[in-house]
Structures are given as C-alpha cells and as structure tokens.
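1. Show me the folded form of this:
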Amino acid sequence: MDAPARGRVLATDDRPDILRLIDRTLGDRYECHFAGSVGEARAALAAADFDLALCDIEMPGESGLVLAEEIVAEHPTTAVVLVTGEDSPAIAEQAFDFGAHGYLVKPFWPGQLLIAAMNAVRRCHLELAQEARSRTLEQRMQLLVERAPVPIFSKDRDRRYRIANRAMHEIMEVPPGGMIGRRAEDLLDLEEAADASAADARVLERGETFEEEEVLLAGEARRTFLTVKFPIRDETDEITGIFGIAADLTAKGEAERLREELNEAQRRAIEELRASRQETVDRLSKAIERHDAGTGEHVNRMATVAALLGERCGLERERVLLLRAAAPMHDVGKVATPDAILRKAGPLTAAERTEMERHTTAGHEILAGSTGDLLQLAATIALSHHERWDGDGYPQGLRSEEIPLEARIVAVADVFDALLSDRSYRPAMPLEEAIAIIREGRGTHFDPALVDLLLDNLDEAVSLRG
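-> This next block holds a predicted model:
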C-alpha cells in the first residue's frame, strides 16, 4: 500500500540555523520547504498548497507580519504561526486578531516548535470544518424559510446578511440573492441605516430582543414594518448573529392585526425562553406561525388541554410541563405551506391536501437534531400528530401504540379545540356536536383511552379554553 501523503510546511526565515532546526524537528512529519525572503515565500505559495506556514517577523526588506496577514486572507487552508525574537504582547494580540494560529518566540526548543505546529494545523482544520458546517446549516435554513410568507433574515456579527428570503428581497426591491453579504448601509439611506445599526448593536452586544415599528424607503415608496430581532446563540451561549422577522404594516387594517399577533408572539416567546431556556428555533417557529389568523390562541388552548390529558393519563409532572411547552409547535411546519392553502375558505383539492400534509415532515425537519428534551419532543409531535389509531393517518401510517403517546394526546386536544373554534371555512361547532365527532373517532382516529379521559374531564377541559 502507498504511504499516506505528508503535510507540507513552508518556513520563511533568513537564518539557516533556524531553518535547519525546523527541518530536523518537523521533517519526519511534514514535507518542509524553505524561503529566505517574503518574495520567495509568495512564489512558493503561488506554486503549491501548504498545510502550515512559519513566518519570521524580522525579515530583511518586507516584514513577515505582512506575509502572515496575506496567507490568512488568501490561503484559508494554511495554518499560520508567527516566529519572532521579541516577546511582544502587542504583536501577539495583532497576530491573533487577523487570524494567526500560533506564536513562537526565539529561541525555542524542538518540542515547543512541534507542539505549536501541530496545534496550529489542528486549529486551522477545526475552523475550516466549523465554517463548512455553518455554511451547510445556513443553506438548509435558507431553504426552510424561503417559502415563508413573511420577511425573514439573519445577519452575522459584522451585520452582513447571511440569509434573506424571497419576501425580504421583494420588500427591499433587490434581485434574489442581492442582499447576501451586504449591510444595511448598502441598502438604506443614512438615517435608516443608522437606526438599523443601533438596533443590531443592542442585539449583538447586549443580547436584547429588539421590537419596533420602522418606516423604510423600499423602492419609491415608504412602508411601515414591525421588525423583531433576537440573538442567535451557539452551543456555548455565545452570540453569533441576529435573526429577524418583519411584518409589513403599511395597510391600515392589516397593520393592526399583524401588530397584535407579533406582539403576542414576542411576549409568549420571551416568557417561554425565560421559563424553559428554549432554543432560538422555537421562538422563530412561534413567530412565523402567527401569520395564520387565530393560530396563536388555538395552539395555547390546545396545549393546555393536552397538558390536562397528560396529567390525567399518569405522565410525570416534568413530562407534563414539557408537553405543555412543546405542543404549541406541532404545526410549525406550516411555514412551508402556501398562504393561499392555509387561508382557503372552502375544501381543499387533492393536490392542496397533499401540500398541506407535508407540514408534518417539514415541522419535524425544522425541530429535529436538537440535544434538548423540549425540541426533541416537539419534533416527535410535529411529525406524528396526524397519525390515526387505525393506521390510516399520515405521514408514516403508524397505528395504535406505535404512535408516540404525546402525539396521540395532541391529536385529541388539537381536534377538540379546533371543532370548538371558528375557522375560515366554518364557524365554531356547539359542544354537543363536537363531542359527538370526538366519540365517533374513538378507536379509529383517536386513542380510545384518551377519548375516555377527555370525556371524564370534559367540564375542566372546556373551562381551560377560557
């Protein structure tokens, strides 16, 4: 078998003894190349790729510090270690600020050199892997939010747009993709850009949630938007960017409805975040759901009834509280459902029904992958709450106890509240008629034991709806 290819090191130094030390120390692990000047190093970098560059700062003519900055900017797969004869905290800080991966002070021992080299290469590889993962996540999120009927965007810590869906581009009257990589000052006038930057600073520097009406010049007309921005946090709770949702409030009648919905969504999101430390995607999902009129009140009523059934069927209190928090996210996948289908007054066609049913798998995709109990349960409920006890449900055709218990509970609570609520295609039903439909679904649509629990606690379930 062929031996694995060795990594390549470029050492730039004008002292032969240092270059010999580098060769002796790293030669067994790396293919070492040497440059006696910055110019020679540039030529070598133009001709081949290197895993590691060792750059002496005190070079004759042009400084090795300039070379190091060039390598970081133009050769992102090359780790950079600065070598200097002066132990200067200021230079070290400058090096790490522009992205150097290591710092060595002469004289150094072979062991110090080896450790610095291996650590720098490993750090560079981890950074590249993290950047690739971030790009993949952003591409996935872009696909998920692209069809949302409300403007959605995200920015990085430099306040450059990373994600902006079709609705956001339409508002700004920018061609698709034209917002990505740009800042507010590239798209807005000076006053509007200053206001946007101040709001971004509150989110990034203080971790605050920003909510405010903004009047922006979009194309030739001024339009009013209700904008909500909140911080994106990584696994270590560090703020890595901004997520935002905007609602067009220009039309007077629509303005009031959207304002109330988004205010309520924001209030609920903040309360739940403080109570259970839910992840950012939960708040995003809830805010998006509010574009479907009445959904906000419905999901909270049905979640209360679901918690009652969970308690009565013997779930532990912690599980009941988790169910209460996760149940409102059961229809988050409707963010991918066209608005015309969600608001249709009459019955759906077969094709529209198929499109509507996709919200179960879309919701699972949005919520899945978390290590937290809350989003794990929410993902399960989103996927399975339209399964039926007799196996005729969707999307997997599960039957009876193959269906997760919490999904069976939400199925009963969801239909119970929906029957008693006004819909775009029918008014609310009388209680007696709704109960008759629930009874009819016992053992076919619904878990019979859960139907019995609902009927045994009917007065309390009705009172919990308010």
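2. State the pLDDT value of A327.
-> For A327, the pLDDT comes out at 89.
3. what residues go with each domain of this protein?
-> Domain assignment for the chain by automatic domain parsing gives 7-130, 148-277, 292-466.
4. can you redo the ones you listed as a markdown table with mean neighbour count?
-> (Each C-beta comes from the backbone N, C-alpha and C, glycine too.) As requested, those are exported to a markdown table (neighbours: other Cβ atoms under 10 Å):
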| stretch | mean neighbour count |
| --- | --- |
| domain 7-130 | 17 |
| domain 148-277 | 16 |
| domain 292-466 | 18 |
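5. Among these, show the one with the smallest mean pLDDT.
-> With a mean of 78, domain 148-277 has the lowest mean pLDDT of the domains of the chain.
6. where along the stretch 101-250 of the chain do the helices fall?
-> Here the stretch 101-250 of the chain has its helices, by DSSP state H, counting those that start in this stretch, at 110-146, 166-172, 190-206.
7. For the shortest one, name the packing helices and strands.
-> In this case it means helix 166-172. Helix 166-172 sits against strand 152-156, strand 239-248, with contacts defined as 3 or more Cβ pairs under 8 Å, 6 or more residues apart in numbering; DSSP states H and E.
8. Of the helices of the stretch 101-250 of the chain, which is nearest L367?
-> L367 lies closest to helix 110-146 among the helices of the stretch 101-250 of the chain, at 10.9 Å (Cβ to Cβ).
9. Contact partners for the residue nearest to G99 when sequence neighbours are not counted?
-> Using Cβ to Cβ, 6 or more residues apart in numbering and skipping residues adjacent in sequence, the residue nearest G99 is V72, 4.1 Å away. Residues near V72 by Cβ atoms under 8 Å, 6 or more residues apart in numbering: V80, F98, G99, A100.
10. so the third one makes contact with V80?
-> What it means is G99. Yes: at 7.3 Å, G99 and V80 qualify as touching, with contact defined as Cβ atoms under 8 Å.
11. In this structure, what residue spans correspond to strands?
-> With strands called from DSSP state E, the chain shows them at 7-12, 30-35, 52-56, 79-84, 102-105, 152-156, 161-164, 210-218, 221-233, 239-248.
12. quick one, what contacts D452?
-> R442.
13. And it, how close does it get to E402?
-> Noted for D452: a distance of 20 Å to E402, by Cβ to Cβ, to the nearest Å.
14. Please apply the same query to A193.
-> A193 is 55 Å from E402, by Cβ to Cβ.
15. Give me the distance between the two termini of stretch 359-379.
-> Taking Cα to Cα, to the nearest Å, the first and last residues of stretch 359-379 lie 12 Å apart.
16. chain center to that stretch, what's the gap?
-> Taking the mean of its C-alpha atoms, stretch 359-379 sits 13 Å from the chain's own mean (Cα atoms, centre = their mean, to the nearest Å).
17. for stretch 98-106, same thing?
-> 33 Å.
18. Spit out the contact partners of the nearest residue in space to L450 that is not next to it in sequence.
-> Nearest non-adjacent residue to L450, counting by Cβ to Cβ, 6+ apart: V412, 4.9 Å away. With contact set as Cβ under 8 Å, 6+ apart, V412 has these partners: A306, L309, I438, F446, D447, L450, V451, L454.
19. What's the separation between V412 and D392?
-> Distance of V412 to D392, computed by Cβ to Cβ: 16 Å.
20. thinking again about what came up before, any chance of the strands of the chain in TSV, with distance to H386 too?
-> Below are these laid out as TSV (distance: least, Cβ to Cβ, whole Å):
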stretch	distance to H386
strand 7-12	53
strand 30-35	58
strand 52-56	55
strand 79-84	51
strand 102-105	55
strand 152-156	26
strand 161-164	29
strand 210-218	33
strand 221-233	30
strand 239-248	26
